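>>> Everything below, folded, please.
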Amino acid sequence: MRHLIVPSVDTQHWLNRIKANDWMEPSYSILSLDDDKKAIPLSAQAPKNTDDIWQGLEFVELNRRKAAKRWTDLLEAELYQRFEEFWPKSYEIIGDILIVKLEDEVVPHQREIAEAMLEKHPSIRLICADKGVHGEFRVRNLTPIDSRDGDTSTLTRIREGGKVILIDPTKSYYSARLSNERLGNLISAKKLAKTLDRPISVCDPYAGVGPAMASIISSPNLVDYALIGDLNPDAVSLLEQNITNFTRKVDTKVVIKLLCQDARLWKNTHDYLAKIDLLLVNLPHDTVNHIPELLPLMRKNSRSLIRGWAIINRDEVAEIRDTIERQLKQHGATEIDLQCTEVKGYSTSRIFVRIESWQTFN
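The predicted model follows:
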């Protein structure tokens, strides 16, 4: 392909002129060359090299691959057409890992898929096939397909709210889609601290690797006590590392208790009772059943907040709200302000909801 060579300082002038005449080859970018020069790709309709319009500038022929708008553009045309209806339409990125579900028809070509995806996404290190979830803790079953540098480790890092979080999707559940809910946790925590006019105590018994704690526990003068845990020992191992990183630069002292234990047993330990101002319950399939087991942890005689998430039938919103309000009252809650809000659809008949309750336990 023919390229016009121009000094870098004159690039915009020539680019405007070439585009105005529709002489630039579409889907190709300008290349940077040595000696502070640029190469502008020209279409076949552009005037010959000897035309006076180029004012004696140089040209060079360069072999270039067409810029891909989609990763499938990088597949061989015959291969793409043969399996056009089966190529994956979507994928998920966690840190530097790309996770994709493959139809059986294209599994024999997973290597070509991975190579195209790595070329399309230069920040991705590892391509993994998603085989669903498995095991006691329902973690991702991922099979590495290809790696940019030979590293097939599924340990990665993401940045959320300015904090770096260690994550391994094969060891603990993590959802980037809940980042707005975690931001809501921080906003609510600050509102509660302002209401109480003091630092608050927080409890996250289903913390995973701790993304919900990243912003809350690292905010100056917001938290003075945190009871955090998970039943999954692999998750707790990463949680411990993350909590250390979250609190590394926090000036205010935060007392932190980390547990690898069924949170329903925490009420049996006297030191954990009646200490918590903010409770997070992120166990979507069991949140409603677990809330009563956690209420003994809530502080008495002051305003407190519970934020939980549940997957329920679409027509059960009112019933779930009444059930939780009844649970709260049975544990002495008064001045209850309870909301049950749909966050997103989960299936044709089920929804993912946020449960938020402000109350005072007597």
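>>> Now the element after the helix or strand encompassing S237, going C-ward?
With secondary structure defined by DSSP states H and E, S237 is part of helix 233-246. Later in the chain than helix 233-246, the nearest helix or strand by DSSP H and E is strand 255-259.
>>> Return the list of helices and strands in contact with the helix holding S237.
If you count contacts as 3 or more CB pairs under 8 Å, 6 or more residues apart in numbering; DSSP states H and E, helix 233-246 packs onto strand 163-167, helix 213-218, strand 223-229, strand 255-259. To be clear about C-beta, it is placed using only N, CA and C from the backbone, and glycine gets the same treatment.
>>> from those, which stretch is densest packed?
helix 213-218 (a mean of 24; mean count of other CB atoms under 10 Å).
>>> What's the mean pLDDT across it?
Taken as a whole, helix 213-218 carries a mean pLDDT of 95.
>>> what do you get for stretch 308-325?
96.
>>> before we move on, the earlier item: list the buried residues of the helix holding S237.
For helix 233-246, the neighbour count (16 or more other CB atoms under 10 Å) marks D234, A235, V236, S237, L238, L239, E240, N242, I243, N245, F246 as buried.
>>> of those, closest to A310?
For those, the minimum distance to A310 (CB to CB) is 20.3 Å, reached by A235.
>>> I figured the closest one hits P169, correct?
No: when contacts are counted by CB atoms under 8 Å, A235 is not listed as touching P169 (11.0 Å).
>>> Check which strands are paired with the helix or strand containing K344 and give the direction for each one.
Element membership of K344 [criterion: DSSP H and E] is strand 333-345. The pairing partners recorded for strand 333-345 under DSSP bridges are strand 350-361 (antiparallel).
>>> quick one: the partner strand to chain centroid distance?
23 Å (CA atoms, centre = their mean, to the nearest Å).
>>> residues of it that come out buried?
Neighbour-count burial for strand 350-361 [16+ other CB under 10 Å]: I351, F352, V353, R354, I355, E356, S357, W358, Q359, T360, F361.
>>> likewise stretch 101-117?
L102, V106, H109, Q110, E112, I113, A114, E115, A116, M117.
>>> for stretch 9-29, same thing?
T11, W14, L15, I18, W23, M24, E25, Y28.
>>> any idea which of these is least confident?
When the buried residues of stretch 9-29 are compared by pLDDT, Y28 scores lowest at 75.
>>> So that residue sits against R64, correct?
Yes: contact criterion CB under 8 Å: Y28 and R64 qualify, at 6.2 Å.
>>> Give me the common contacts of the two.
M1, P41 (CB atoms under 8 Å, 6 or more residues apart in numbering).
>>> State the next helix or strand along the chain beyond the worst-scoring helix or strand of the chain on mean pLDDT.
The helix or strand of the chain with the poorest confidence is strand 31-33; it has a mean of 82 (mean pLDDT, DSSP states H and E). Note on strand 31-33: by DSSP H and E, the next helix or strand toward the C-terminus is strand 37-41.
>>> ok, back up a step: walk me through which strands the least confident helix or strand of the chain pairs with, and which way each runs.
strand 37-41 (antiparallel).
>>> and the very next helix or strand once past the partner strand, what other elements does it pack with?
Once the chain leaves strand 37-41, the next helix or strand it forms, by DSSP H and E, is strand 58-61. Applying 3+ CB pairs under 8 Å, 6+ apart, we find strand 58-61 packed against strand 2-7.
>>> Would you mind listing the buried residues in the strand it packs on?
Quick answer for strand 2-7 (16+ other CB under 10 Å): R2, H3, L4, I5, V6.
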